[in-house]
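A.B. asks: When you get a sec, could you give me coordinates for this:
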Amino acid sequence: IGDESLNKDLENLDSVDSVISGYSITYQIEYKDNSSSAYCSMYQDFDKLQNVSIVEGRLPKNDNEIVIGSKTKEDLGVEVGDMITAIYGSKKAEYMVCGIEQRINMMGRTGLMTIGGSKKITFEVKQQNHYILGREGKTFEDIEKEIKNKFPELSVADYSKNIDSILSVVKIAMKAICIAIVVIIILVVFIIETLVIRNKINREWRNIGINKALGLTSKEAFIQIVLSNMPVIIIGAIIGIILSPFLGKILITVCLSMFAMKEICFSVSILLMIISLIIILAIAFFTSVLSGLKIKKIDAIEMISCD
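C.D. replies: Numbers count the residues shown, from 1 in each chain. Below you'll find the model as predicted:
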C-alpha cells in the first residue's frame, strides 16, 4: 500500500513487469425502483488490468462510465447503455453502464470504475493498492525481497493466494459434484444392465433350454446373453461421451449461477473421454457376466420343463 507516485519506482524494479494502482469501495447502486450493491475497484489505467472477464460491452474509458458485475445487473435489470445512480454516503452521481463483468467474489456484485469517476462521490484516497505483475521467471519471493530492500515500509501480499483460497471452495464443490455423477452413472449402468439381462433371460429361458438341448453349449449361451446388449451400450456410451462437454458446461453453469456466472470455459480431454468410455463398457460387461451366470448352472431339461 502506498501513494500513486510509487508506480514508476515499482516498475523500475528488476523483478517487476508492470504495476497498476487502485482501490476498492462498496457503492449502493440504484436503477429506477431497483437497488443493489457493487464492490467497485477503481483504476486509472485499465490497459494494464489483467484477468478481468467482460461478458458484455467494454472497460470504462471515461469518468462517467461504470462496469457492473453480472449479479448486480440481475438485481437491477439494467443493460449496457443504461444510466444508473451510484451512492456513497450522502453523495450520488449518475454513470453509464459500459460493460458487464463476471467475478466470483462478492457473489458477483462487483464493479469497475476510473479513479476520476470515483472522485465524483468519494473522498480522495491517499493510499492505494499496487497490483504488481512479475517478470517471467520471477517468483513472489523474488518480488517481495526486492520491494522490501528498497521500500521497507511497504506491506506485500501474494494476491494469487487470495484467489486460490476463493477457488479452493469452488474446486471442492466441483470435485464433489463429479464424484456424485460418477457414482450415479455406475449405479445406473449396473441397475439397468442387471434388469435388462435378467428380463432377457426370463423371456428366452425356454428357447435357451431348447438350443442347449440341440447342442448349444452353456458357454456359448452365456456368451450370447452377455454380448447381446453390448452394441446398444457401446452406441449409447459413445453418444453420451460426445455430448459430455456440452452437458458438462450446462451443469457447471447451473452450479455457478449463484455468482451469476454466464460464460465459462469448459472442456473435456480426449483421454478422459476414452477412459470414461472404457469404464462404462467394463461396468456393463461385468454386470452382464454376473447376471448371465445363472444360465451356466441349470441344464437344458430343467430349462425346457420350467413354465
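A.B. asks: Next, please give the residue ranges for the helices of the stretch 1-150 of the chain.
C.D. replies: Ranges of helices in the stretch 1-150 of the chain, per DSSP state H, counting those that start in this stretch, are 6-11, 70-76, 115-118, 140-150.
A.B. asks: what's the second one packed up against?
C.D. replies: To tie it back to what came earlier, the one meant is helix 70-76. Helices and strands touching helix 70-76, by 3 or more Cβ pairs under 8 Å, 6 or more residues apart in numbering; DSSP states H and E, are strand 16-31, strand 34-43, strand 91-101, strand 110-114. (C-beta placed from N, C-alpha, C; glycine too.)
A.B. asks: I'd like the ones you listed as TSV, with mean pLDDT and distance to F151 appended.
C.D. replies: Formatted as TSV, the helices and strands packed on helix 70-76 follow (pLDDT from 0 to 100; distance: least, Cβ to Cβ, whole Å):
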stretch	mean pLDDT	distance to F151
strand 16-31	87	12
strand 34-43	90	21
strand 91-101	93	31
strand 110-114	92	26
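A.B. asks: what's the most buried one of the ones you listed?
C.D. replies: Each of the helices and strands packed on helix 70-76 was assessed for mean neighbour count using mean count of other Cβ atoms under 10 Å. The highest is strand 110-114, with a mean of 27.
A.B. asks: pLDDT on the helix or strand encompassing S288, on average?
C.D. replies: S288 belongs to helix 270-297 when assigned by DSSP states H and E. Taken as a whole, helix 270-297 has an average pLDDT of 81.
A.B. asks: Same check on stretch 202-221?
C.D. replies: Here the average pLDDT along stretch 202-221 is 68.
A.B. asks: if we can go back for a sec, and of the helices and strands packed on helix 70-76, who's closest to V55?
C.D. replies: Among these, strand 91-101 comes nearest to V55, with 5.4 Å by Cβ to Cβ.
A.B. asks: Now do the closest one against strand 110-114: the angle between them, please.
C.D. replies: Interaxial angle, strand 91-101 versus strand 110-114 (axes from the mean of the first three to the mean of the last three Cα atoms, to 10 degrees): 110 degrees.
A.B. asks: Neighbouring strands - and their directions - for strand 91-101?
C.D. replies: Under the criterion DSSP bridges, strand 91-101 sits next to strand 54-57 (antiparallel), strand 65-69 (parallel), strand 83-88 (antiparallel) in its sheet.
A.B. asks: quick check, distance from it to the centre of its chain.
C.D. replies: Once both centres are worked out by Cα atoms, centre = their mean, to the nearest Å, strand 91-101 turns out to sit 28 Å from its chain's centre.
A.B. asks: Can you say which of the strands paired with strand 91-101 is nearest to L277?
C.D. replies: Taking Cβ to Cβ, strand 54-57 is the member of these nearest to L277, at 33.7 Å.
A.B. asks: how many other residues sit next to the spatially closest residue to N229 that is not a sequence neighbour?
C.D. replies: Excluding the flanking residues, the one nearest N229 by Cβ to Cβ, 6 or more residues apart in numbering is V196, at 5.8 Å. With neighbours defined by other Cβ atoms under 10 Å, the count for V196 comes to 18.
A.B. asks: How about whichever strand or helix holds F246, which residues are buried there?
C.D. replies: F246 belongs to helix 230-255 when assigned by DSSP H and E. Neighbour-count burial for helix 230-255 flags 233, 237, 241, 244, 248-249, 251-252 (criterion: 16 or more other Cβ atoms under 10 Å).
A.B. asks: and that helix, what does it pack onto?
C.D. replies: Secondary-structure packing of helix 230-255 (3+ Cβ pairs under 8 Å, 6+ apart): helix 159-203, helix 270-297.
A.B. asks: okay, those helices, which one's buried deepest?
C.D. replies: Comparing these by mean neighbour count (mean count of other Cβ under 10 Å), helix 270-297 comes out on top with a mean of 16.
A.B. asks: how distant is that helix from the center of its chain?
C.D. replies: In terms of Cα atoms, centre = their mean, the centre of helix 270-297 is found 30 Å from the chain centre.
A.B. asks: Just want the angle from it to helix 230-255.
C.D. replies: 140 degrees.
A.B. asks: Packing partners of helix 270-297?
C.D. replies: On a contact count with 3+ Cβ pairs under 8 Å, 6+ apart, helix 270-297 meets helix 159-203, helix 218-227, helix 230-255.
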